[in-house]
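Student: Mind looking at a prediction? Sequence and model below.
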Protein chains: 2
Amino acid sequence: MAQQNGTSEQSTEPDYFQTNPKPPNLDRQITSARSFIEQHASQDRRVALVTSGGTTVPLENQTVRFIDNFSAGTRGATSAEYFLEAGYAVIFLHRQFSLLPYSRHYSHSTNCFLDFMTHNDAGAVVVESEYQQQMAQVLSRYRKAKQENTLLLLPFTTVNEYLWLLRGLAMQMQPLGANGLFYLAAAVSDFFVPAERMVEHKIQSSEDFQEDLTNGSGARAPAAHMDGKRLVIDLDPVPKFLKMLVDGWAPRSMIVSFKLETDPSLLARKARYALEKYSHHLVIGNLLNTRKWEVLFVSADGGERWIRVPAGRRSHSVTQWHQDSAHLEEPTIEIESWIVPEVAKEHTKMIEKTLSK
Amino acid sequence: MAQQNGTSEQSTEPDYFQTNPKPPNLDRQITSARSFIEQHASQDRRVALVTSGGTTVPLENQTVRFIDNFSAGTRGATSAEYFLEAGYAVIFLHRQFSLLPYSRHYSHSTNCFLDFMTHNDAGAVVVESEYQQQMAQVLSRYRKAKQENTLLLLPFTTVNEYLWLLRGLAMQMQPLGANGLFYLAAAVSDFFVPAERMVEHKIQSSEDFQEDLTNGSGARAPAAHMDGKRLVIDLDPVPKFLKMLVDGWAPRSMIVSFKLETDPSLLARKARYALEKYSHHLVIGNLLNTRKWEVLFVSADGGERWIRVPAGRRSHSVTQWHQDSAHLEEPTIEIESWIVPEVAKEHTKMIEKTLSK
């Protein structure tokens, strides 16, 4: 099916997965996902695939430079915790070293984790008393998820790794039918460098060394070249994986995508446009500068509504790369604690519809 | 002086700092550095500026996409610890959320930090006994540096922030004379998008929305544009800040730069080329795939020598984004424990030369 939909694209799915190399550790990751999914399918538990963080687009095979999409992984890591609280098993497909469920409370914060620690009278390293309560809470939830095996962490770095993993995981989730949920919070690149256009070595800026800028396979012109002192990069469009997911890889699951924009005048139009183009279930729109306290739900039934955290309860750090909202002592509301139950409610409706058929 | 050297470049220094905006928090960072430097100057202590991590090149003012240089910050964070052990005060100019001295031992590892913690009989959160000894060591060194105020952490994200900070800090370090050391381990982009060529909003991939791709100032063509379904980016060369540093900003300090290559046949030539072009004191060359256990010292006196960790004592994680070498329980040698004393020795020679004049 995906092929039929892909034909309108510059890069169709079969092309993509035939011409871009399978990640070396893909099979191992898919195998671990299979047993995870089988366990929860046997318990009739819902399984959410939560994607999180940005994908990279390497400019060289031996990668020194790459293009990235801004995302610390806060939306995905926070949402994953609330899906676990809502009774879901969660496959957390995340950018390596982006924020993780539970440890996020002590990562990417302005405090160094060592500032939470002290020596007690016996000389042992313990957590400072003022941080004891919150860390005990976080640690308990983390250990519960580990004991019940309800959280599977799968890392990616490049957009190629992401696409291979998304396809492979979707195939594994098909037996879940309507109990499967895709919550696509990752910031996936719209552009990439195909393997055949990738140079092998670091692109040389000095004109004395530019003879070293050679193409990997020679099939097509390299994606990057020097023009005098200037670096020119031209990138291919990433195939429309959301279309493949909806029509080909996960036809019976609920699919929620995110749309991040910076221009408020575009957000609703672009969210609606995406929903109509890919005909999945829900698009959650958000703006770079307000994403921590307001999101726009755009659903297939034509509905559009904002979910907003009132001013007094907002996290104040919306600056890029400042992710302080995760500190438990703050009296702020994490908007994901409102988003996830809404999504779960929609998921329940969809499951009931399927059962009543 | 920098202007005279800059004239051969497409972007000269005065141009750069006149046409690219001063970071909003620069003055605050420089002020904190000034008092730090004054304290250690008054104690006649050597001060090392250690730069670490990759710089970003935003493609939009409201940044969704950016170009990055691969670096987890291992070289810089590890070296900073050994400079502190060698009696230096360290200004650690680092990419935000890259590895930091001391906390690096528990960051970017495959273990989640929460895996080191447990509840004791009293229900308090403590460090697992097997990790107690190593964490006590790390915590003691970390606290010593805090108590003696010998470590100043200054973060950057973009290459513009990096250049403004490097210039500002170098000016502040001038009173240190030969006691100042620049250890430039950061992976700084050779290319960038000047402010006048930066678009304001997220670049739209869908042809239905491309009218929104407008230039920030209109002075020159935007650095990024769509060509049908393809994204084309052309980048300006970053001005040769190392030349400015050597000749203009820090004429009396010792300057050590790093050269990372992926092609072994290029490394020595490129390191020598850089040393002759900028006429500073030392270039440390390293290859992406072997950087954890071998580096090439190329010095102004014409000397070239490799420093190599023997096979049995090497860290085995040289994969990008895997930084497990920092686990203290490993019997491996951190090559920075050999690099830093060698650099300090060279620094001593230079200081003695200066004094004997």
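Tutor: Noted; the coordinates are in hand. Residues are numbered from 1 along each chain as shown, chains lettered A, B, ... in the order given.
Student: alpha carbons only for contacts and neighbour counts from here, please
Tutor: Noted.
Student: what are the ranges of the helices in the stretch 201-350 of chain A?
Tutor: Secondary structure of the stretch 201-350 of chain A by DSSP state H, counting those that start in this stretch: the helices cover A:241-244, A:264-278, A:336-356.
Student: any chance of those helices in CSV, plus mean pLDDT and mean neighbour count?
Tutor: Formatted as CSV, the helices of the stretch 201-350 of chain A follow (pLDDT from 0 to 100; neighbours: other Cα atoms under 10 Å in any protein chain shown):
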stretch, mean pLDDT, mean neighbour count
helix A:241-244, 95, 20
helix A:264-278, 94, 17
helix A:336-356, 96, 15
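Student: Could you export those helices as JSON lines, including distance to B:Ile339?
Tutor: As requested, the helices of the stretch 201-350 of chain A are arranged in JSON lines below (distance: least, Cα to Cα, whole Å):
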{"stretch": "helix A:241-244", "distance to B:Ile339": "47"}
{"stretch": "helix A:264-278", "distance to B:Ile339": "51"}
{"stretch": "helix A:336-356", "distance to B:Ile339": "47"}
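Student: Which of those helices sits closest to chain B?
Tutor: Nearest to chain B among the helices of the stretch 201-350 of chain A is helix A:264-278 (8.5 Å), distances taken as Cα to the nearest Cα.
Student: What are the contacting residues of the closest one?
Tutor: Residues lying outside helix A:264-278 but in contact with it, judged by Cα atoms under 8 Å, 6 or more residues apart in numbering or on different chains, are A:242-243, A:246, A:259-261, A:281-287, A:296, A:298-300.
Student: now swap in stretch A:350-357 and tell me
Tutor: In contact with stretch A:350-357 (Cα under 8 Å, 6+ apart) are residues A:178-179, A:254.
Student: next helix or strand past the host helix or strand of A:Tyr16?
Tutor: For A:Tyr16, the element it lies in under DSSP states H and E is helix A:13-19. Moving toward the C-terminus from helix A:13-19, the next helix or strand (DSSP H and E) is helix A:26-42.
Student: check whether that next one contacts chain B.
Tutor: No. Applying Cα under 8 Å from any Cα of the partner chain, one finds helix A:26-42 separated from chain B by no less than 15.0 Å.
Student: Show me what that helix packs onto, helices and strands only.
Tutor: Contacts defined by 3 or more Cα pairs under 8 Å, 6 or more residues apart in numbering or on different chains; DSSP states H and E place helix A:26-42 against strand A:151-156, helix A:159-173.
Student: what about the helix or strand that it is followed by, near chain B?
Tutor: Using DSSP H and E, the helix or strand that directly follows helix A:26-42 along the chain is strand A:47-52. No. With Cα under 8 Å from any Cα as the criterion, chain B is not reached by strand A:47-52; the gap is at least 14.7 Å.
Student: distance between the helix holding A:Tyr16 and the chain's centre?
Tutor: Distance, stretch centre to chain centre, for helix A:13-19: 22 Å (Cα atoms, centre = their mean, to the nearest Å).
Student: quick revisit: give me the subset of the contacts of helix A:264-278 touching chain B.
Tutor: Restricting the contacts of helix A:264-278 to those near chain B by Cα under 8 Å from any Cα leaves A:Glu261.
Student: How about A:Met171, nearest residue that isn't a chain neighbour?
Tutor: Spatial nearest neighbour of A:Met171, excluding adjacent residues (Cα to Cα, 6 or more residues apart in numbering or on different chains): A:Trp249 at 5.9 Å.
Student: and that neighbour, how far is that from chain B?
Tutor: 23 Å (Cα to the nearest Cα, to the nearest Å).
Student: from what I can see that residue touches A:Arg167, true?
Tutor: Yes. Counting by Cα atoms under 8 Å, A:Trp249 does reach A:Arg167; the two are 6.5 Å apart.
Student: Show me which residues of the stretch 201-350 of chain A are close to chain B?
Tutor: Counting by Cα under 8 Å from any Cα, the residues of the stretch 201-350 of chain A close to chain B are A:201-202, A:205, A:229-237, A:261-263, A:288, A:321.
Student: which of these are buried?
Tutor: The neighbour count (16 or more other Cα atoms under 10 Å in any protein chain shown) marks A:201-202, A:205, A:229-237, A:261-262, A:288, A:321 as buried among these.
Student: my guess is A:Ser279 meets A:Gly302, correct?
Tutor: No. In this structure, A:Ser279 sits apart from A:Gly302 without contact. The criterion is Cα under 8 Å, and the distance is 11.7 Å.
Student: Who are the contact partners of A:Val340?
Tutor: With contacts defined as Cα under 8 Å, 6+ apart, the neighbours of A:Val340 are A:79, A:82-83.
Student: Please apply the same query to A:Thr262.
Tutor: If you count contacts by Cα under 8 Å, 6+ apart, then A:Thr262 has A:287-289, B:62, B:201-202 around it.
Student: looking at the contacts of A:Val340, which has the most residues close by?
Tutor: Across the contacts of A:Val340, the neighbour count under other Cα atoms under 10 Å in any protein chain shown reaches its highest value at A:Ser79, namely 26 neighbours.
Student: Give me the average confidence score over the helix or strand hosting that residue.
Tutor: Using DSSP H and E, the element containing A:Ser79 is helix A:74-85. In this model, helix A:74-85 carries a mean pLDDT of 97.
Student: Take the residues of the stretch 201-350 of chain A next to chain B and keep only those in strands.
Tutor: In strands, defined here by DSSP state E, the members of these are A:230-237, A:261.
Student: Below-threshold pLDDT in chain A: ranges please.
Tutor: Low-confidence regions of chain A, defined here as pLDDT under 70, cover residues A:1-14, A:108-111, A:207-219, A:316-330.
Student: go with 90
Tutor: A:1-15, A:62-64, A:103-117, A:119-126, A:129-131, A:133-135, A:199-222, A:300-303, A:311-332, A:355-357 (pLDDT under 90).
Student: I'd like to know the phi and psi angles of the residue in the stretch 251-357 of chain A that chain B sits nearest to, please.
Tutor: Residue nearest to chain B within the stretch 251-357 of chain A (Cα to the nearest Cα): A:Thr262, separated by 5.8 Å. Listed backbone geometry of A:Thr262 is phi -110, psi -20, with angles given as degrees, to the nearest 10.
Student: Who are the contact partners of the residue nearest to A:Met171?
Tutor: Shown here is A:Trp249, whose contacts under the criterion Cα under 8 Å, 6+ apart are A:2, A:167, A:170-171, A:174.
Student: can you pick the most crowded of those?
Tutor: Among those, the one with the most neighbours (other Cα under 10 Å) is A:Ala170, at 21 neighbours.
Student: State the distance from A:Lys240 to chain B.
Tutor: 11 Å.
Student: That should have said A:Ala185, apologies.
Tutor: 14 Å.
Student: quick one: that residue and A:Gln29, what's the gap?
Tutor: 20 Å (Cα to Cα, to the nearest Å).
Student: Quick check on the two: which one has the bigger neighbour count.
Tutor: When A:Ala185 and A:Gln29 are compared for neighbours, A:Ala185 comes out ahead with 27 against 16, by other Cα under 10 Å.
Student: The more buried one touches A:Arg75, doesn't it?
Tutor: Yes. Under the contact definition of Cα under 8 Å, A:Ala185 touches A:Arg75, with a separation of 6.8 Å.
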